[in-house]
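Enquirer: heads up, no residue letters with this:
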C-alpha cells in the first residue's frame, strides 16, 4: 500500500511537472508566434521542411516549400505543401502554425490537392500518384481517414486538384508533364470518389504562340516546357482553370488560365495570360499555385517561387492579392511582390494594391562583418550542365548579403554570439521593417526536427557609435528561415546591425539582409524616351528608356487593355528590358516607372503595339 501511494505521488508530481513545462513552452511559443502585424513580406515566413526524400542518393540538405494548396475552412486557412510531413494553419495569413497530423503520408504529400466539402477537407496527395482521397473534419488534430479506393488513372495522378462545384459535384484535374496535357474527370461522391468515366484532355502548352510558356531562365531554353499544377476556381458563371508553366526552377515560372462555362470544357485560352508572373526582383517565379478567398471576401493567390541552389527543386511560397476585373479578367498583382504588403485584415481602398510604399533601403549599401570569409564549395545537387538549373553563383563574400539575389549568399566561418553584420544606408532613413533570409550551406539537417531556431538582435544607430536595440530575438524558439520583423514604430537610423547569437545549422549563412522603410529625399523622375518595339518574333518586345538619375531600379507594366496593365517585371540597375512573355495573336499596352529608397516616380506615358 505504501509503495502504491508513493508511486502515485511520484507519478502525479512528474505529470504536474511535465504539464507545467509543456504549458510554459506552449505559452512562450504562442507569445512568439502571435505577431500582431499589419504587413507581410514574401517569401512567407514559415518553418519550411528540410527535404529528406533525396537523401539516400544525394545527401544534399535543403529546405523547400512548393505547390501550395490553401483552403478556408471553419474560420481558418489550411495550407498543404509538397513533402512537408504535415501542413500549416492560420487565422490571419500572418501567423502560420505547423500541424503534425495524427495520420499522414509517410513520405510526405506531393503536389497536394485540397478542397472543402460537406464540413470536411478533402486531400489527394499520395506521392506514388495512385492513392485515394483522404478526409477529415478536424484538420487541427489531423485524424485523416481513407476509403482505400485508389484513383487509378492511366498515367497515375500527378499534381492533382480537387474542385467542388456549386452543386456539390466533385471534379479532378491533374498532370505534371512536358508530354501530356492537363486532364479532367468527374469523381463519384457516392462511390469513394472514384472517376466517373474516362478522363478528358483539357489544355496543353503552345510555346510557339505563347511566349511565357517557353522553358528556361527568361524563356531562353529550347528544352520542352512543362505544364502542371492545375487549380480550378469559379467566378460567377465562368470556370477558370489555372495551370503552371514552363518549369518550377526558373524565374519565369508562372500561372496562366483557361476559361469555360463547363467544368470539363471546352476551354478557351485567356488572352491576358499569364495571370501570376514575377520574373524579377529578390525572389522570382510565381507558378503552381492556388487561389483562396479570405475572411473579408477578397482573393489571394499562393504560388511557388524558386531558389534552385542546393537543388533545382529548392523553392519557397509567396502570396499575392488576386481577383477579377469587372469584365471577368483574372489578375494576380506581383508588382513590388517581395516588398512589405498589407495583410487581409487591413482595409485598403483597392485590394489589388496592397503595397505599403515601404521601399528597400539596404540594396548594395556598404556592408561589413567581423567574420572571416568561408572558402570552398557547397554540397549541392547541380544539374546546370543538363540545362535544368542555372549555374551556381560563386563565392560567399559579404556583399552577397544585400544584392537582391536570393541565389547568392554570405557564409560566416563562425557561428557564435560574437558575429555581426553592419549595413551603412549612407543617410538617415525611417526604418519600418527588417527581413533576414537564412540559407543552407553544407547543412546536415533532414526532415522536420523540433530544435530549429535562429537567435539574434537587430540594432540601429544614427552615427555608428551609439546603438539601440530595435528587435530582440535573443531568446527566440521559433524557426524563422525568412524572418520578417515589422517594427512597432518607425526608427530613424543610418546604420543597421545584425548581431548573431545562434542558429541550428553548423554554418551561419544569410542570402539577404533586407531593410525596408522610407528615405527622406526626392523620388526619381519619370523615365524619358520610353519606346517599345515588337520583335519579328511576336512573342518578344524590346522596351527601352533613358537611365534615370538616382533610380535604384524600374518596374515595367503591360496588359491587353489600357486600364488593366496587370502584369509587371521589376529590375534593378540599368534600364531596358527584353519582354519574352507575349502571345503572338495579341496586341499590348505598356508603361514604366522608376523607384528608389524615397519612393516611386510618376509613370511614363502608355505605349501600344499591334
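Expert: In hand now; what should we look at? This structure is a prediction, so every number in the text was calculated from the model and none was measured.

Enquirer: which ones are touching the spatially closest residue to residue 266 that is not a sequence neighbour?
Expert: Nearest non-adjacent residue to residue 266, counting by C-beta to C-beta, 6 or more residues apart in numbering: residue 260, 6.3 Å away. Where C-beta positions appear, they are placed from N, C-alpha and C, glycine not excepted. Counting by C-beta atoms under 8 Å, 6 or more residues apart in numbering, residue 260 makes contact with 238, 239, 241, 266, 267, 268.

Enquirer: Buried ones among those residues?
Expert: Buried members of these, scored by 16 or more other C-beta atoms under 10 Å, are 239, 241, 267.

Enquirer: which ones among those residues are found in strands?
Expert: 239, 241 (DSSP state E).

Enquirer: okay if I get the buried ones among the contacts of residue 260 as TSV plus pLDDT and distance to residue 62?
Expert: Output for the buried ones among the contacts of residue 260, formatted as TSV (pLDDT from 0 to 100; distance: C-beta to C-beta, whole Å):
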residue	pLDDT	distance to residue 62
239	99	37
241	99	32
267	98	36
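
Enquirer: Between the buried ones among the contacts of residue 260, which sits nearest residue 289?
Expert: Lowest distance from residue 289 to the buried ones among the contacts of residue 260 (C-beta to C-beta) belongs to residue 241, with 13.0 Å.

Enquirer: Hmm, the closest one is touching residue 259, no?
Expert: Yes - contact criterion C-beta atoms under 8 Å: residue 241 and residue 259 qualify, at 7.4 Å.

Enquirer: okay, and the common contacts of those two?
Expert: With C-beta under 8 Å, 6+ apart, residue 241 and residue 259 have common neighbours residue 267.

Enquirer: So what sits opposite the closest residue to residue 416 other than its chain neighbours in the bridge?
Expert: Leaving aside its chain neighbours, residue 416 sits nearest to residue 500 (7.4 Å; criterion: C-beta to C-beta, 6+ apart). Legend: beta-bridge partners of residue 500 under DSSP bridges are residue 456.

Enquirer: OK, contacts around residue 500?
Expert: Contacts of residue 500 by C-beta under 8 Å, 6+ apart are 412, 415, 416, 417, 419, 420, 421, 456, 508.

Enquirer: let's go with 6 Å and repeat that
Expert: For residue 500, the contact set (C-beta atoms under 6 Å, 6 or more residues apart in numbering) comprises 419, 456, 508.

Enquirer: Report the separation between the second one and residue 470.
Expert: The one in question is residue 456. Using C-beta to C-beta, to the nearest Å, residue 456 is found at 12 Å from residue 470.

Enquirer: go on, residue 333?
Expert: In terms of C-beta to C-beta, residue 333 sits 30 Å off from residue 470.

Enquirer: picking that back up, now render the buried ones among the contacts of residue 260 as a markdown table, adding distance to residue 79.
Expert: Below are the buried ones among the contacts of residue 260 laid out as a markdown table (distance: C-beta to C-beta, whole Å):
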| residue | distance to residue 79 |
| --- | --- |
| 239 | 23 |
| 241 | 21 |
| 267 | 27 |
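
Enquirer: Among the buried ones among the contacts of residue 260, which one lies nearest to residue 108?
Expert: Distances from residue 108 to the buried ones among the contacts of residue 260, taken by C-beta to C-beta, are shortest for residue 241, at 26.4 Å.

Enquirer: For the closest one, which non-adjacent residue is spatially closest?
Expert: Sequence neighbours aside, residue 258 is the residue nearest to residue 241 in space, at 4.8 Å (criterion: C-beta to C-beta, 6+ apart).

Enquirer: Tell me how many other residues crowd that neighbour.
Expert: Counted with other C-beta atoms under 10 Å, the neighbours of residue 258 add up to 20.

Enquirer: Ok, residue 466 next?
Expert: Residues lying near residue 466 (other C-beta under 10 Å) number 9.

Enquirer: And it, how far from residue 318?
Expert: Separation of residue 466 from residue 318 (C-beta to C-beta): 37 Å.

Enquirer: now swap in residue 362 and tell me
Expert: Residue 362 is 20 Å from residue 318, by C-beta to C-beta.

Enquirer: same thing with residue 189?
Expert: Distance, residue 189 to residue 318, using C-beta to C-beta: 33 Å.

Enquirer: between the two, which one's more packed in?
Expert: A side-by-side neighbour count of residue 189 and residue 318, using other C-beta under 10 Å, places residue 318 first with 25 against 16.

Enquirer: My read is that residue 157 contacts residue 172, right?
Expert: No - Residue 157 is beyond contact range of residue 172, at 7.3 Å (criterion: C-beta atoms under 6 Å).

Enquirer: count of neighbours near the nearest residue to residue 578 once chain neighbours are set aside?
Expert: In this structure, residue 578 finds its nearest non-sequential neighbour in residue 542, 5.8 Å apart by C-beta to C-beta, 6+ apart. Neighbour count of residue 542, defined by other C-beta under 10 Å: 14.

Enquirer: isn't residue 542 right next to residue 534, touching?
Expert: No - with contact defined as C-beta under 6 Å, residue 542 does not reach residue 534; the gap is 8.3 Å.

Enquirer: re the thing from before, partners of whatever helix or strand the residue nearest to residue 241 lives in in the sheet?
Expert: According to DSSP states H and E, residue 258 maps onto strand 254-260. In the sheet, strand 254-260 lines up against strand 238-245 (antiparallel), strand 268-269 (antiparallel), strand 276-277 (antiparallel) (DSSP bridges).

Enquirer: Could you save those strands as a markdown table and add columns showing distance to residue 196?
Expert: Listed next are the strands paired with strand 254-260 as a markdown table, based on distance: least, C-beta to C-beta, whole Å:
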| stretch | distance to residue 196 |
| --- | --- |
| strand 238-245 | 18 |
| strand 268-269 | 24 |
| strand 276-277 | 31 |
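
Enquirer: how about those, which one is nearest residue 528?
Expert: Distance to residue 528, taken as C-beta to C-beta, is lowest for strand 276-277 among those, at 26.5 Å.

Enquirer: from the chain's centre, how far out does that closest one sit?
Expert: Mean-position distance between strand 276-277 and its chain equals 12 Å (C-alpha atoms, centre = their mean, to the nearest Å).

Enquirer: Adjacent strands (with direction) for the helix or strand where residue 234 lies?
Expert: Using DSSP H and E, residue 234 maps to strand 228-235. According to DSSP bridges, strand 228-235 forms sheet pairs with strand 238-245 (antiparallel).

Enquirer: Among the contacts of residue 260, which one sits closest to residue 168?
Expert: In terms of C-beta to C-beta, no member of those lies closer to residue 168 than residue 239, at 15.5 Å.

Enquirer: List the residues that contact the closest one.
Expert: Residue 239 makes contacts with 260, 263, as judged by C-beta under 6 Å, 6+ apart.

Enquirer: Residues in a beta bridge with it, which ones?
Expert: Per DSSP bridges, the residues bridged to residue 239 are residue 234, residue 260.

Enquirer: where along this protein do the helices fall?
Expert: 2-33, 55-58 (DSSP state H).

Enquirer: among the ones you listed, which gets the worst mean confidence?
Expert: Lowest mean pLDDT within the helices of the chain: helix 2-33, a mean of 40.

Enquirer: quick one: residue 170 and residue 196, what's the gap?
Expert: For residue 170, the distance to residue 196 - C-beta to C-beta - is 10 Å.

Enquirer: Would you mind telling me which of these two has the busier surroundings?
Expert: A direct count of neighbours by other C-beta under 10 Å for residue 170 and residue 196 places residue 170 higher, at 19 against 15.

Enquirer: which residues touch the nearest residue in space to the more buried one that is not next to it in sequence?
Expert: Excluding the flanking residues, the one nearest residue 170 by C-beta to C-beta, 6+ apart is residue 187, at 4.6 Å. Under the criterion of C-beta under 6 Å, 6+ apart, the contact list for residue 187 reads 170, 172, 193.

Enquirer: same thing but at 10 Å, please
Expert: 122, 124, 133, 149, 151, 162-164, 169-172, 193-196 (C-beta atoms under 10 Å, 6 or more residues apart in numbering).

Enquirer: Quick check: residue 307 touching residue 406?
Expert: Yes - in terms of C-beta atoms under 10 Å, residue 307 counts as a neighbour of residue 406; the distance is 5.6 Å.
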